[in-house]
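Chemist: Please work out how this folds:
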Amino acid sequence: MKYCNKCGAENTHNTDACLSCGNRFDGVEERPHVVEDLGFGGYIQKCFKNYVNFSGRARRAEYWYFWLFCMIVNVVINSLAAIPNMSGAAYLSYIFALIVFLPALAVNVRRLHDIGKSGWNLLWIFLPIIGAIMLIVWECREGEPGSNQYGPDPLGRVK
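Modeler: Now for the predicted structure:
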């Protein structure tokens, strides 16, 4: 049996295009690994569920959605703290930082694993300016295709 290489649907009618997704059929004999896009909320939830998981790999989307979530919440909290008579809101920033510390650390380590680097490379952040630039460049890079020493490719690609 042949399967669509985009959505993984079975080609039971031997057509030129996949009946499920419309992709031009270049069928493969084995069912391919189909990657599900979790969306903004799904990736945030995944980061909190894996808050102490420092093994494996994280996609760019998982890392950057979590980063975006943290920035949005920080902007909201800091905006509340700027309102007169809202002095208690300043403490929310500290509480939020404590809540996201471990999930942020874990997703950073898993993101570095995706590009084939050890999580210990996160310590470069302590090198002023240059360390932050290095980490941003690394975290923007596409992950290594196929499995590496840290686990299978989260996108299901094969080398």
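Chemist: and residue 149, how many neighbours?
Modeler: 8 (other Cβ atoms under 10 Å). For the C-beta atoms, the positions are set from N, CA and C on the backbone; glycine is no exception.
Chemist: contacting residues for it?
Modeler: Counting by Cβ atoms under 8 Å, 6 or more residues apart in numbering, residue 149 touches residue 116.
Chemist: okay, residue 76: pLDDT?
Modeler: On the pLDDT scale, residue 76 is placed at 92.
Chemist: I should have written residue 109 there, sorry.
Modeler: Listed pLDDT for residue 109 reads 95.
Chemist: try residue 57
Modeler: In this model, residue 57 is scored at 92, pLDDT.
Chemist: let's number from 35 now, not from 1
Modeler: Got it, first residue is 35 now, which makes that one residue 91.
Chemist: Now for the nearest residue to it once chain neighbours are set aside: which residues touch it?
Modeler: Nearest non-adjacent residue to residue 91, counting by Cβ to Cβ, 6 or more residues apart in numbering: residue 148, 4.1 Å away. Residue 148 is in contact with 91-94, 177-178, 184, 188, counting by Cβ under 8 Å, 6+ apart.
Chemist: Most widely separated two among these?
Modeler: Of all pairs drawn from the contacts of residue 148, the greatest distance, 15.2 Å, lies between 94 and 184 (Cβ to Cβ).
Chemist: Mind checking which of the two has more residues around it?
Modeler: The residue with more neighbours, out of residue 94 and residue 184, is residue 184; 20 against 17, by other Cβ under 10 Å.
Chemist: Let me see the contact set for the residue lying closest to that one once chain neighbours are set aside.
Modeler: Closest residue to residue 184 apart from its sequence neighbours, by Cβ to Cβ, 6+ apart: residue 147 at 3.6 Å. By Cβ under 8 Å, 6+ apart, the contact set of residue 147 is 89-92, 153, 182, 184-185.
Chemist: Out of these, which end up buried?
Modeler: The neighbour count (16 or more other Cβ atoms under 10 Å) marks 91-92, 153, 182, 184 as buried among the contacts of residue 147.
Chemist: Of those residues, just say which sits nearest to residue 72.
Modeler: Residue 72 lies nearest to residue 92 out of the buried ones among the contacts of residue 147, by Cβ to Cβ, at 11.7 Å.
Chemist: Does that closest one fall in a helix, a strand, or a coil region?
Modeler: What DSSP: H, G, I helix; E, B strand; the rest coil gives for residue 92 is coil.
Chemist: State the distance from it to residue 110.
Modeler: According to Cβ to Cβ, to the nearest Å, residue 92 stands 25 Å off from residue 110.
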